[in-house]
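In: quick one, what's the 3D model for this:
(chains A and B)
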Amino acid sequence: MAEQDWKTSKRTFAAVSLPTLFWVVVFFLVPMAIVWLYSFGENRGLTDIEFSGTLENYKRATEWLYLTIFGKSFAVAALVTLICLIIGFPVAMAITFASEKWRPWLLLGIMLPFWTNLLIRTYALMMLLGTQGFANKGMGALWEGTSWIKTLVGLQPLPTWEPVQLLFNNFAVVFGLVYVHLPFMVLPLYAALDRLDRSLIEASLDLGAGHFRTIMRIVVPLAAPGIIAGVMITLIPALGAYLTPDLMGGTDSQMIANVIERQFKKANDWPFGAALSFLLIYAMFILIALQSMRKKVPEVR
Amino acid sequence: MTETAKPIIQIQNVSKRFGKVTAVDNVSLDINAGEFFVLLGPSGCGKTTLLRMIAGFELPTEGRILIDGQDMAGIPPNKRPVNMVFQSYAVFPHMSVADNVAYGLKIAGVKGGEIRDRVAEALDLVKLGGFGERMPDQMSGGQRQRVALARSLVMRPKVLLLDEPLSALDAKLRAQMQFELSELQEKVGITFVTVTHDQDEALSMACRIGVINKGEVAQLATPSDLYEYPANRFVADFVGSVNIFEGKLTLDDPDKAAVDCPGLGKVYLNHGVTGPHGADVWIALRPEKIYLHVPGEGKAVKAAAQDAPDGYNFARGKIKGMSYLGDITLFEIELESGTRIRVSRPNLSRHDQEDFTWDDKVSMHWRADSPVVLLG
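Out: You can find the predicted model right below:
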């Protein structure tokens, strides 16, 4: 009864929703609108911006140089999403089919990184990948071990170990982004797989399908909503990634967010930065629109 | 039953333990080719576990299962010559009805033309001809179950396993499907093994019933034997409604016996029991086997029955409860000993229920071959 009241009484509804509405308008919509207006403005002096309605910023933002950076950002984000999906799907399946006793601990393991600051995690990863990091040290030890065995059996030793450059390149950016975004992929996949009626899988096995075919024909199509949610929730932040390419990337691995940052800070060209930002936002809108247009998978209860 | 009782499924000393819980405890039973076999038992008795072990979804902790003479140890579900209809039907929601039915055939590598013919044939068999293009979410629960049936039958399995096939349907549809399943089984000639907790379902459909209690086979019998000759108190009580009285065997001749029940008095039987004299036994008496006299009618009946060759048993009591169910009326009668007995009476005329009311003193009788003597 009381639950119905606030839904039917407009005044109560307004009173309850007003603070949130106020927050969204004042701290989100208005600032975004200002940035959007900046994108049609021109720099006058150091701090003043004139809203002249020019399209010059957008013209510059669609120049070849920036389009390639956009394209590269998309490619990196798509690659990161794909790797997350390939790694995340089996992980989500493993958690779904783990025993009741293990499942909460496995989920905790997935969520644990959320409780650590991104900057600290990134630096930790850099220590791992550096030329003096564990990865290189481990590979070096293996290399020297192999060399030692070869001399032992009377063969030529291997040449001296040269540390591999694992950091400050595109590989490091992709690696770092996968590392950061994997939980975002696993959780929606897990949610979708957990809801899946187990007897559908058993029915497929019962009808003669092997495990691989059951996964491809039954599990993947029925987990499609979770896969799409996971892809969107990974792709969008990966596209706007800033910290990881900044810290782990090399000179050629900057992504669009790094370019935008530079416009706002070093170049002090807010109108151009705003135009680049809004191009990115438009692209994301299109992605979200495409997702909501897809055919809904019918659910049978 | 079929002329040759050839076992298609042999369950030999099978046990299944989940941790410390024993779900199935040393069960041995044979299921014959072509029969409609029902595993009946209360929930949690291990009947579904037994079915899932036949399908291959659970592995026996001990013992072995043979299907058509072949040991199933190490053979995964997708390689077994059985198919299962799941309790939730498990119809693939993202495939049309025809694609659901064709799923197993495609995997088996059957050619396209043959798939079409066999799918159409299977859908006709379950009366879903012309529904092939529908999606499962456009169908009712009963129709989805038919899809699940067609999807399994199209594979022409040696055995069809059905896990509580009717539990999700409403009462009317359930009664109809009971007939249809029996009819279908006769038509296709495939062995059906069904799990249910519903005794009506079991009695109406089965050739033979295996009653399972606490992971063990309590009795294996035809429906009428199970009802009329229950082997123990659990079966007597679980299948149908029954009055059970504890007593001692006081007379045990080849052609007659008597049991002295503190609750009911002396009960005469027109056959021997072959139990030790003085042994503790139980008398099971079905409510419909007791004839309740209209008040005043009892004396005349008793006088007439004195001369009857097989003899009758009599009892007296007071009506303490009545529930009118339309076709029958159920009475709860307090006997002179204070114990209560349940009696059902068919309403042969429209005025029958008017003859009785609460606290009426009534008498009743039953034939000397009606009570069942249970030793355990």
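
In: run a quick neighbour tally on B:F245.
Out: 21 (other CB atoms under 10 Å in any protein chain shown). C-betas here are computed from N, CA, C, even on glycine.

In: neighbours around the closest residue to B:P157 other than its chain neighbours, how many?
Out: Residue nearest to B:P157 in three dimensions, not counting chain neighbours: B:N83, with 4.2 Å by CB to CB, 6 or more residues apart in numbering or on different chains. Residue crowding around B:N83 was assessed by other CB under 10 Å; the count is 27.

In: so which strand or helix has the residue nearest to B:P60 when sequence neighbours are not counted?
Out: Nearest non-adjacent residue to B:P60, counting by CB to CB, 6+ apart: B:V14, 4.6 Å away. According to DSSP states H and E, B:V14 maps onto strand B:7-18.

In: likewise A:N258?
Out: Judged by DSSP H and E, A:N258 forms part of helix A:256-264.

In: hang on, B:P254 packs against B:V273?
Out: No - with contact defined as CB atoms under 8 Å, B:P254 does not reach B:V273; the gap is 10.1 Å.

In: those two - which one has more neighbours?
Out: B:V273 (19 against 8).

In: residue contacts, the more buried one?
Out: B:249, B:252, B:257, B:259, B:281, B:373 (CB atoms under 8 Å, 6 or more residues apart in numbering or on different chains).

In: out of those, which touch chain A?
Out: Applying CB under 8 Å from any CB of the partner chain to the contacts of B:V273, one finds that nothing falls near chain A.

In: so which of those are in strands?
Out: B:249, B:252, B:257, B:259, B:281, B:373 (DSSP state E).

In: just the buried ones among these, please.
Out: For those, a neighbour count by 16 or more other CB atoms under 10 Å in any protein chain shown gives the buried set as B:249, B:252, B:257, B:259, B:281, B:373.

In: was I right about the third one contacting B:A279?
Out: No - counting by CB under 8 Å, no contact exists between B:A257 and B:A279, whose distance comes to 11.3 Å.

In: mutual contacts of the two, please.
Out: B:L249.

In: rewinding a little: pLDDT at the residue nearest to B:P157, what is it?
Out: At B:N83, the model reports a pLDDT of 96.

In: what does the helix or strand harbouring it contact?
Out: Assigned by DSSP H and E, B:N83 falls within strand B:82-85. Contact with strand B:82-85 is made by A:202-203, A:206-207, B:51, B:54-56, B:67, B:104, B:145, B:148-149, B:151-153, B:155, B:157-163, B:165, as judged by CB under 8 Å, 6+ apart.

In: recalculate using a threshold of 7 Å.
Out: Residues from elsewhere that reach strand B:82-85, judged by CB atoms under 7 Å, 6 or more residues apart in numbering or on different chains: A:206-207, B:54-55, B:67, B:148-149, B:152, B:155, B:157-163, B:165.

In: residue contacts, B:V159?
Out: B:8-9, B:67, B:82, B:190-191, B:193.

In: just B:G321 next, same as before
Out: B:331-332.

In: redo that, cut-off 8 Å
Out: B:330-332, B:358.

In: closest one of those to chain A?
Out: B:L330 (37.3 Å; CB to the nearest CB).

In: okay, now A:N169: neighbour count?
Out: A:N169 has 16 nearby residues by other CB under 10 Å.

In: please read the previous query as pertaining to A:V153.
Out: A:V153, neighbours per other CB under 10 Å, totals 6.

In: A:G45 now?
Out: Considering only other CB under 10 Å, A:G45 is surrounded by 7 other residues.

In: can you tell me what sits against stretch A:47-58?
Out: A:37-44, A:270-272, A:274-275, A:279.

In: quick one: name the residues of the stretch 51-200 of chain B near chain A.
Out: So the stretch 51-200 of chain B meets chain A at B:55, B:57, B:76-79, B:82-84, B:86-88, B:90-94, B:103-104, B:107-108, B:135-137, B:144, B:148, B:151-152, B:155 (CB under 8 Å from any CB).

In: circling back to that earlier point, contacts for the very next helix or strand once past the helix holding A:N258?
Out: From helix A:256-264 onward toward the C-terminus, using DSSP H and E, the following helix or strand is helix A:270-293. Around helix A:270-293, the neighbours that count as contacts under CB under 8 Å, 6+ apart are A:35-36, A:38-43, A:49, A:57-58, A:60-62, A:66, A:70, A:74, A:228, A:232, A:235-236, A:239-240, A:256-257, A:259-260, A:263-264, A:267.

In: ok, now with 7 Å
Out: Residues contacting helix A:270-293 (CB under 7 Å, 6+ apart): A:35-36, A:38-39, A:41-43, A:49, A:57-58, A:60-61, A:66, A:228, A:232, A:235-236, A:240, A:256, A:259-260, A:263-264.

In: show the end-to-end separation of stretch B:230-244, please.
Out: 12 Å (CA to CA, to the nearest Å).

In: check stretch B:283-295 too.
Out: 26 Å.

In: how about stretch B:344-364?
Out: OK, stretch B:344-364 end separation, CA to CA: 11 Å.

In: got it, and stretch B:120-130?
Out: Stretch B:120-130: ends 8 Å apart by CA to CA.

In: might you calculate how far it sits from the centre of the chain?
Out: Relative to its chain's centre, stretch B:120-130 lies at 29 Å (CA atoms, centre = their mean, to the nearest Å).

In: in the stretch 101-250 of chain A, which ranges drop under the pLDDT threshold?
Out: Within the stretch 101-250 of chain A, no range satisfies pLDDT under 70.

In: all strands of it, in order?
Out: In the stretch 101-250 of chain A, no segments count as strands under DSSP state E, counting those that start in this stretch.

In: hang on, the earlier thing: tell me which of the contacts of strand B:82-85 fall in strands.
Out: Among the contacts of strand B:82-85, the members falling in strands (DSSP E) are B:67, B:159-163.
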